[in-house]
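J.: what follows is a protein structure lacking sequence information:
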């Protein structure tokens, strides 16, 4: 073998070894942030939370945010990192928030005692609810802290431990909205104050997306629609694909349609003040019909009307959407 070939082979082996290496656990942080996605103030706050939990339970909450993992299988790679980091830290349990930016993979893996006390299905749901939406909007610190908050609550609920975290010390990170910090503060504040009683008393009900029809019916939305439109409102209802089996409320918002006596742009604009709230709570506003428009599509051959009549969940106003009964005549007294 020629010297040049030997050198090339040696360099190739070195590069392969580097490519297969696992990222080292940071010495002074619980986050390995390759692209510096998490602002420094939020990173420091995450570290304080993880230190507190580790001291009380022996479980470390860590995060690794990588730019590109190449052809590696994300789940397997995350598990290998979690095992190595747990061993390096000498902890009883490990929770690793894993992110691969280029591959758009975001997941959580657990090891040791963390695997015993945390439910895998609930973790997957929390990933979709807290991590994915924030990362889509490039709010990386918000996503990491929100998921860390959920994990902290879950660990507290399982172990009965209360964590001494002073939310008054939360940094006012530039670029994060006041509303975002209020959300984080409320999550951790209730967690600290009530521990496992928080769920029992329902303090976290308003911090989740609305995930079923009954939650929307019991929410503020029916009252909001009545107040916004007054006597002009005939009906507000969920319909169509939202009510089909297999609908994923974590991935797709609930669509609410309306029947209004007057559906002019000026009238519809009354909902503009609530669109941000609707987005946060997983709701989208769909069509704004008038009774006359409903009558025009009432013919049973019209698929749009059949969809409304056969799949609907009225929130307020007219309740009967029967195919033979709903039309302009039904609204003559409305």
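T.: Yes, it's here. Note that this is a predicted model, so its numbers are computed, not measured.
J.: mind jotting down where the helices sit in the stretch 151-300 of the chain?
T.: Remark: helices assigned in the stretch 151-300 of the chain by DSSP state H, counting those that start in this stretch are 178-194, 197-201, 213-217, 221-229, 265-268, 275-280, 291-296.
J.: and these, which one is worst for confidence?
T.: The weakest mean pLDDT among the helices of the stretch 151-300 of the chain belongs to helix 197-201, with a mean of 41.
J.: neighbours of the closest residue to residue 161 other than its chain neighbours, how many?
T.: Excluding its sequence neighbours, the residue lying closest to residue 161 (Cβ to Cβ, 6 or more residues apart in numbering) is residue 56, at 4.8 Å. All C-beta spots, glycine's among them, are computed from the backbone N, C-alpha and C. The tally of other residues near residue 56 (other Cβ atoms under 10 Å) stands at 15.
J.: next helix or strand past the helix or strand harbouring residue 56?
T.: Secondary structure assignment for residue 56, by DSSP states H and E: helix 40-57. Helices and strands here follow DSSP H and E; after helix 40-57, the next one along the chain is strand 59-66.
J.: just checking: what are the partner strands of that following strand?
T.: strand 31-33 (parallel), strand 93-100 (parallel) (DSSP bridges).
J.: and the angle for the last one with helix 40-57?
T.: Using axes from the mean of the first three to the mean of the last three Cα atoms, to 10 degrees, the inter-axis angle of strand 93-100 relative to helix 40-57 is 150 degrees.
J.: strand 93-100: what's the following helix or strand?
T.: Next in sequence after strand 93-100, counting helices and strands by DSSP H and E, comes strand 105-112.
J.: helices and strands around that next one, which ones?
T.: With contacts taken as 3 or more Cβ pairs under 8 Å, 6 or more residues apart in numbering; DSSP states H and E, strand 105-112 sits against helix 74-89, strand 93-100, helix 120-126.
J.: for the stretch 51-200 of the chain, give me the ranges with low pLDDT.
T.: Within the stretch 51-200 of the chain, the stretches with pLDDT under 70 are 165-200.
J.: now with 80?
T.: Residue ranges of the stretch 51-200 of the chain with pLDDT under 80: 163-200.
J.: with the stretch 201-334 of the chain instead?
T.: 201-211, 239-242, 244-251, 294-311, 319-334.
J.: the closest residue to residue 78 other than its chain neighbours: what's it in contact with?
T.: Nearest non-adjacent residue to residue 78, counting by Cβ to Cβ, 6+ apart: residue 98, 3.8 Å away. Going by Cβ atoms under 8 Å, 6 or more residues apart in numbering, residue 98 touches 63-64, 66, 74, 77-78, 81-82, 105-109.
J.: again, 6 Å this time
T.: Applying Cβ atoms under 6 Å, 6 or more residues apart in numbering to residue 98 gives the contacts 64, 78, 107.
J.: and what of residue 117?
T.: Residue 117 sits next to residue 158 when contact means Cβ under 6 Å, 6+ apart.
J.: which of the contacts of residue 98 are buried, as a PyMOL select command?
T.: Command for PyMOL, covering only those of the contacts of residue 98 found buried under the criterion 16 or more other Cβ atoms under 10 Å:
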select buried, resi 64+78+107
